[in-house]
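In: model this:
(one chain, ligands or ions: 1)
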Amino acid sequence: LSKFIRNKAFLDKVVTAEEAATWIEDGMTLGMSGFTLFGEPKLFPKALAERGKKEKFKIDLFTGASMGPAADQSMAEADIINLRVPYQGNPVQRKKINAGEIFYIDQHLSHVAESIRQGTYPSLDYAIIEAAAITEDGDIIPTGSVGNSPIFLDTAKHVIIELNISAPPEYEGMHDIYMQSAAGENTREAIPIFEVSKRIGTPGMKVDSAKVRGIIISSEPDIPSPLFEPNAETQQIADNLLSFLGEEVKAGRLTESLAPLQSGVGSVANAVLNGMKTSGFKDIVVASEVLQDGVFDLIDAGVVKFAAGTALSLSKKRVESLGKDLAKYKDKIVFRPQEISNHPEVIRRLGIISFNTALEVDIYGNVNSTHVGGTHMMNGIGGSGDFARNARITIFVTQSTAKDGKISAIVPFVAHVDHTNHDVDVIITEQGYADLRGLAPTQAAERIIENCMHPDYKQQARDYLAAAKERGGQTPHVLEKAFSWHTNLAEKGTMLIK
Ligand code: 0RQ
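Out: Now for the predicted structure:
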């Protein structure tokens, strides 16, 4: 054990997950490490959920982002979550959120640490953090994500470490922990990232050893995400995105190494990364939030030269070869806190190209990433807004229809707005892309309808726009019909209006 706990002050703190779970009281606020199923404690949440089946209590749960079966699922099933912040993606939890049984605050991922620092949330009672090691200096070495762990460790009253002795030792040295001071005139310095690969912080996270109440020893494996194989539609979206980037190179606005790249998660993102292998782009730098399988593949192919993010999100195959892979990619990957990977200052300075997935977009380019039908939470805004507002080129991708064509993903007015048209440069579907830069609203609407909409819905949209224009205005609408596609769907099961 002394190989993993290298500071003597921590050695006598080993406890079982079950014992640590008894320390949690009704109404407490917990901050857990974990982001897209990587780097999260696994034994502690399972033990807490088990306790929740026998005793009545509720906690508020803060994390980096989405958590796996132990934390989000088991704890939601045990009904012990009162409030969840800031991102989730678990079907069981989603159902409870939409049933009003769990309060959910969907927050820009870069904003969470700042809210905690300002004291606008209740202070954390416990931070529960997965670690690969505790160093001689008492620093905590994270595993496959950094997320919000540094601010949780800094501000929580008590700390529980879940030390994962099966985590690849190669993790040590791959993190770059940098904390901001308080905001204010002359109190906070610039975040000195001028080159994505240059480190600005430390390999480990600081913690006051006196606050560490227990260390749970775990050898739980990392949790894989499904690998989204491209289908014909997602492949076509990826091809359209790559041809847009190719046009930017031809126009002289980008070079063949593009600009630092942020990609969302899921099938389109994987298809795009896959397509990059043979696209002729080279020496690409990834400055993202989540690093998926595709990034590793592109490093292998010599297309990506460096990648930074806050977390991994890997398929089963890559989870199985993680130790070997990390040894290979150690000097090509860095993990930073989500406050830094997603920071407006850094995104704007680096001139990032950002692409994320929309649930629906409207004819003027407003994007809904989160609310099905305008009311029901899917996952959350995640980091998409951090990047959309501040990127050099902001791209949203979506299939032009959903649910076998019954839903048009392009509608007159989005039923919920996550990204306003001001933040959206390019919309891409399998039908084509609409570059909205330099276009006024009515021009943008024509381009979106003609380039991106599914043929079944085009005339319906043209008719709406024509009627709207008759009413006049900078952004014309027929307000009483703006949601008619949605109401038609609710009443008749399709957005196609007969
Ligand atoms: O339904 O699950 O029943 O099959 O929505 O849609 O097309 O499979 O796309 O899995 O990439 O998810 C926006 C949710 C897209 C995701 C969203 C239905 C569709 C399907 C999923 P089924 P797809 P994806 C970095 C950036 C926000 C966070 C973000 C997301 C299901 O990308 O959560 O960007 N993004 N983070 O049938 C009703 C519509 C629909 C629709 C699709 N218009 N109306 N249902 N669906 N369009 C990552 C982080 O920040 C952590």
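In: At the contact with the ligand, which residues of the stretch 351-498 of the chain appear?
Out: 356-357, 359-360, 369, 372, 378-379, 381-384, 399, 402-403, 407, 409 (C-beta under 6 Å from any ligand atom). Yep, even glycine has a C-beta here, placed from its N, CA and C like the rest.
In: Among the residues you listed, name the buried ones.
Out: 356-357, 359-360, 369, 372, 379, 381-384, 399, 407, 409 (16 or more other C-beta atoms under 10 Å).
In: Please produce CSV containing those residues, extended by pLDDT and secondary structure.
Out: As requested, these are exported to CSV (pLDDT from 0 to 100; DSSP: H, G, I helix; E, B strand; the rest coil):
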residue, pLDDT, secondary structure
Asn356, 97, strand
Thr357, 96, strand
Leu359, 97, coil
Glu360, 98, strand
Ser369, 97, coil
Val372, 98, strand
Asn379, 97, coil
Ile381, 98, coil
Gly382, 98, coil
Gly383, 98, coil
Ser384, 98, helix
Gln399, 96, coil
Ile407, 98, strand
Ala409, 98, coil
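In: Name the next helix or strand downstream of the helix or strand bottoming out on mean pLDDT in the chain, please.
Out: Lowest on mean pLDDT, DSSP states H and E among the helices and strands of the chain sits helix 267-276, with a mean of 87. Where DSSP states H and E defines the elements, the next helix or strand beyond helix 267-276 is strand 284-287.
In: C-alpha coordinates for that following strand, PDB please?
Out: Output in PDB follows, covering the C-alpha atoms of strand 284-287 (Å, rounded to 0.1, in the frame of the first residue of the first chain):
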ATOM      1  CA  ILE A 284      -3.900  18.900 -35.300                       C
ATOM      2  CA  VAL A 285      -4.100  19.900 -31.700                       C
ATOM      3  CA  VAL A 286      -7.100  18.800 -29.800                       C
ATOM      4  CA  ALA A 287      -8.200  21.200 -27.000                       C
END
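In: Relative to the whole chain's centre, how far out is that strand?
Out: With C-alpha atoms, centre = their mean, to the nearest Å as the basis, strand 284-287 stands 17 Å off its chain's centre.
In: packing partners for the next helix or strand after that strand?
Out: The helix or strand immediately downstream of strand 284-287 is strand 290-292, counting by DSSP H and E. On a contact count with 3 or more C-beta pairs under 8 Å, 6 or more residues apart in numbering; DSSP states H and E, strand 290-292 meets helix 267-276, strand 304-309, strand 311-313.
In: what about Gly147, distance to the ligand?
Out: 10 Å (C-beta to the nearest ligand atom, to the nearest Å).
In: Correction: the previous question concerned Ile428.
Out: For Ile428, the distance to the ligand - C-beta to the nearest ligand atom - is 13 Å.
In: wait, that residue sits on Asp239?
Out: No. Using C-beta atoms under 8 Å, Ile428 makes no contact with Asp239, being 9.8 Å away.
In: Helix or strand for Leu326, just tell me which one.
Out: Using DSSP H and E, Leu326 sits within helix 322-329.
In: Output the contacting helices and strands for that helix.
Out: Counting by 3+ C-beta pairs under 8 Å, 6+ apart, helix 322-329 packs on helix 293-300.
In: What residues of the helix it packs on count as buried?
Out: So for helix 293-300, counting by 16+ other C-beta under 10 Å, buried means Asp293, Gly294, Val295, Phe296, Asp297, Leu298, Ile299.
In: Quick one: list the elements packing against that helix.
Out: Against helix 293-300 (3+ C-beta pairs under 8 Å, 6+ apart) you get helix 267-276, strand 284-287, strand 304-309, helix 316-320, helix 322-329.
In: One more pass at 6 Å, please.
Out: Helices and strands touching helix 293-300, by 3 or more C-beta pairs under 6 Å, 6 or more residues apart in numbering; DSSP states H and E, are helix 267-276.
In: related to what we said a few turns ago, which pair of the buried ones among the residues of the stretch 351-498 of the chain next to the ligand spans the longest distance?
Out: Greatest spatial distance among those (C-beta to C-beta): Gly383 and Ile407, at 25.3 Å.
In: Now do the contacts for whichever residue of the stretch 301-450 of the chain sits closest to the ligand.
Out: At 2.2 Å from the ligand, Gly382 is the closest residue in the stretch 301-450 of the chain, using C-beta to the nearest ligand atom. Gly382 sits next to Tyr87, Leu109 when contact means C-beta atoms under 6 Å, 6 or more residues apart in numbering.
In: That one and Val417: what is the separation?
Out: Applying C-beta to C-beta, to the nearest Å, the value for Gly382 to Val417 is 16 Å.
In: for Thr135, same thing?
Out: Distance from Thr135 to Val417, by C-beta to C-beta: 45 Å.
In: picking up where we left off before, what angle do the helix holding Leu326 and strand 304-309 make?
Out: Interaxial angle of helix 322-329 relative to strand 304-309 (axes from the mean of the first three to the mean of the last three C-alpha atoms, to 10 degrees): 120 degrees.
In: Ile428 and Asp239: which is more packed in?
Out: Ile428 (28 against 17; other C-beta atoms under 10 Å).
In: Phi first, then psi, for Pro150.
Out: phi -60, psi -40 (degrees, to the nearest 10).
In: That one touches Pro337, doesn't it?
Out: Yes. Contact criterion C-beta atoms under 6 Å: Pro150 and Pro337 qualify, at 5.2 Å.
In: So for those two, which sits in the more crowded spot?
Out: Pro150 (31 against 28).
In: Once you drop chain neighbours, what's closest to the residue in the stretch 101-250 of the chain positioned nearest to the ligand?
Out: Closest to the ligand within the stretch 101-250 of the chain is Leu109: 6.0 Å, counting by C-beta to the nearest ligand atom. Closest residue in space to Leu109, ignoring its immediate chain neighbours: Gly383 at 4.5 Å, by C-beta to C-beta, 6 or more residues apart in numbering.
In: What backbone torsions are found at the one you found?
Out: phi -100, psi 0.
In: got it, and Gly266?
Out: phi 110, psi -170.
In: List, one by one, the residues from the stretch 101-250 of the chain near the ligand.
Out: Checking the stretch 101-250 of the chain against the ligand by C-beta under 6 Å from any ligand atom, the hits are Leu109.
In: Can you pull the poorly scored residue ranges out of the stretch 101-250 of the chain?
Out: Applying pLDDT under 70 to the stretch 101-250 of the chain flags no residue at all.
In: Show me the helices in it, by range?
Out: 112-118, 149-155, 232-250 (DSSP state H, counting those that start in this stretch).
In: Of the ones you listed, flag the one that's most buried.
Out: helix 149-155 (a mean of 25; mean count of other C-beta atoms under 10 Å).
In: Need the contact partners of that helix.
Out: Under C-beta under 6 Å, 6+ apart, the answer for helix 149-155 is 31, 33, 113, 116, 124, 127, 129, 142, 177, 179, 205, 207, 337.
In: quick one: the fourth one and Asn342, what's the gap?
Out: Going back to what we said before, that points to Ile116. 15 Å.
In: Apart from its chain neighbours, what residue comes closest to Lys53?
Out: That would be Ala78: by C-beta to C-beta, 6+ apart, it lies 5.4 Å from Lys53.
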